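Colleague: sequence first, then the predicted structure:
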Amino acid sequence: MVSGDIADADGPMDAVPGPGRDACDAHAALDVEAVLSDTSVVIPSRDEQNYTSKSVPDWLEVVVRTDDGRSVARNRGVEEATGEWIVLADDDITFPTTLTAMLVDSMHTCHLAGLEDFWPMDTLLTRYMVFHRSLWDAVGGFDESREHGEDSDFVYRCADAGAKIRPLPRNIVPHHDADTEFSALEHVEWLWYLLRRHPVRMAPKAALLGLQKLGLVEPPVTDYPDGWSSQLIQPSGEGDER
């Protein structure tokens, strides 16, 4: 916290020059449509119910790909999209238009932003992810041989290429479907894939997962606790049906 003496020495906030200082909302002057004029939303989906595409404003380009394999669909979607800024999204979210504009307005081409992954991973979820096309080009897109783990692999390759990874709170984007559950075999295969690709990054996480299976480690309480709620996110069964 800044002490009173230091604050007084700098003068009152009203005296600080700069546009927007008098605004009640720091982002009130943001022209959302103008900011997103070079942005495309890519949604890999073969489902008839596509909540995401229905919630994207009409003026924003949406590319829905139905290719076999989510990684293939993502890559073909980015290739088809015309925007320089890419928003990857699953088909089961309410699209956060204003949040997306705030991110694109504040990001540079070496930023990779998205929803935080689950413990103990430090990567991002492709449920909602924002990046510049040049970053995708630099790392060669998503591993098209994969259905699981390709999102973490993409994030780690971006980090290795010099990108700054910027996680967002997972529930900042409304999600309308249950999180995917893996079988034990799928989980082992996912872990082995990432260990082979990124041994230094993944070895500590593999150890934590192993200790958790033995009952020696529990996920930290820093994740969303039971009973957490917000005005946007409601427990399943409450509010409007989707």
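Modeller: Everything's here; your move.
Colleague: residues in contact with the longest strand along the chain?
Modeller: Counting by DSSP state E, the longest strand found in the chain is strand 124-132. Strand 124-132 is touched from outside by 70, 74, 84-90, 93, 96, 100, 103-104, 107-117, 151, 154-155, 158, 163, 165, 167-168, 170, 173, 175, with contacts defined as C-beta atoms under 8 Å, 6 or more residues apart in numbering. Yep, even glycine has a C-beta here, placed from its N, CA and C like the rest.
Colleague: show me where the chain has strands.
Modeller: Counting by DSSP E, the strands of the chain are 39-44, 61-65, 85-89, 111-116, 124-132, 164-168.
Colleague: now render the ones you listed as TSV, adding distance to residue 223 and mean neighbour count.
Modeller: Shown next, in TSV, are these (distance: least, C-beta to C-beta, whole Å; neighbours: other C-beta atoms under 10 Å):
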stretch	distance to residue 223	mean neighbour count
strand 39-44	26	24
strand 61-65	31	19
strand 85-89	22	25
strand 111-116	9	21
strand 124-132	14	23
strand 164-168	13	15
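Colleague: of all the ones you listed, which one is nearest residue 189?
Modeller: strand 124-132 (18.5 Å; C-beta to C-beta).
Colleague: sorry, back to before: Serialize the strands of the chain to a markdown table and add fields for distance to residue 24 and mean pLDDT.
Modeller: Output for the strands of the chain, formatted as a markdown table (distance: least, C-beta to C-beta, whole Å; pLDDT from 0 to 100):
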| stretch | distance to residue 24 | mean pLDDT |
| --- | --- | --- |
| strand 39-44 | 27 | 98 |
| strand 61-65 | 32 | 98 |
| strand 85-89 | 28 | 99 |
| strand 111-116 | 26 | 98 |
| strand 124-132 | 26 | 98 |
| strand 164-168 | 24 | 98 |
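Colleague: out of those strands, nearest to residue 219?
Modeller: That would be strand 111-116 among the strands of the chain, by C-beta to C-beta, at 13.0 Å.
Colleague: next, the angle from the closest one to strand 124-132.
Modeller: Using axes from the mean of the first three to the mean of the last three C-alpha atoms, to 10 degrees, one finds that strand 111-116 and strand 124-132 are set 150 degrees apart in direction.
Colleague: just for this protein, where's the confidence low?
Modeller: Within the chain, the segments meeting pLDDT under 70 span 1-23, 178-180, 233-242.
Colleague: let's see 90
Modeller: Applying pLDDT under 90 to the chain flags residues 1-29, 46-49, 147, 176-187, 218-242.
Colleague: okay, domains of it per the record?
Modeller: Domain assignment of the chain by automatic domain parsing yields the ranges 26-177, 181-219.
Colleague: I appreciate the help and will end here.
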